[in-house]
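Undergrad: heads up, no residue letters with this:
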């Protein structure tokens with residue numbers, strides 16, 4: 001594989017990962033966790049803050065944080081591939 005083809009493949013991977021990150025960030029915006037009515041081991045009902053859309057605020061924030069973490073990792077990977085492609089263009 002010559003240098004130009006390798007640079008194109010790095011750019012392609014960067015673009016694919018950037019689209020993947022965008023999809024993950026979109027998912028983080030749309031995720032909703034309904035409130036739980038399961039009792040804990042002490043027989044207590046869980047504490048939750050229910051939003052207007054019927055979702056549990058704290059558990060939804062945790063789920064959104066998890067999806068944001070995945071999206072940030074995908075975006076960072078895209079940046080690494082893009083940086084490699086730019087570096088190859090300088091040589």
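TA: Here it is on my side, so go on. Quantities reported herein were computed from a predicted structural model and do not represent experimental measurements.
Undergrad: Distance check, the spatially most central residue of the chain against residue 12.
TA: In the chain, the residue lying closest to the centroid (CA atoms, centre = their mean) is residue 71, at 2.4 Å. Look at residue 71 and residue 12: by CB to CB, to the nearest Å, they are 20 Å apart. In this view, the C-beta of every residue, glycine as well, is placed from N, C-alpha and C.
Undergrad: show me the contacts for the nearest residue to residue 25 once chain neighbours are set aside.
TA: Counting by CB to CB, 6 or more residues apart in numbering, residue 25 lies nearest to residue 71, which is 4.4 Å off, once chain neighbours are set aside. Counting by CB atoms under 8 Å, 6 or more residues apart in numbering, residue 71 makes contact with 21, 22, 24, 25, 27, 28.
Undergrad: please redo it, this time with the cut-off set to 10 Å
TA: 20, 21, 22, 23, 24, 25, 26, 27, 28 (CB atoms under 10 Å, 6 or more residues apart in numbering).
Undergrad: from those, which is closest to residue 56?
TA: residue 28 (15.8 Å; CB to CB).
Undergrad: which non-adjacent residue is nearest the closest one?
TA: residue 67 (3.5 Å).
Undergrad: got it, and residue 7?
TA: residue 88 (4.6 Å).
Undergrad: count of residues packed around the one you found?
TA: The criterion is other CB atoms under 10 Å. On that basis, residue 88 has 15 neighbouring residues.
Undergrad: same deal with residue 21?
TA: Neighbours of residue 21 (other CB under 10 Å): 20.
Undergrad: Tell me who's in contact with it.
TA: 70, 71, 72, 73, 74, 75, 76, 77, 78, 79.
Undergrad: Can I get the buried ones among these as something I can paste into PyMOL?
TA: Applying 16 or more other CB atoms under 10 Å to these, the buried members can be selected in PyMOL as follows:
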select buried, resi 70+71+74+75+77+78
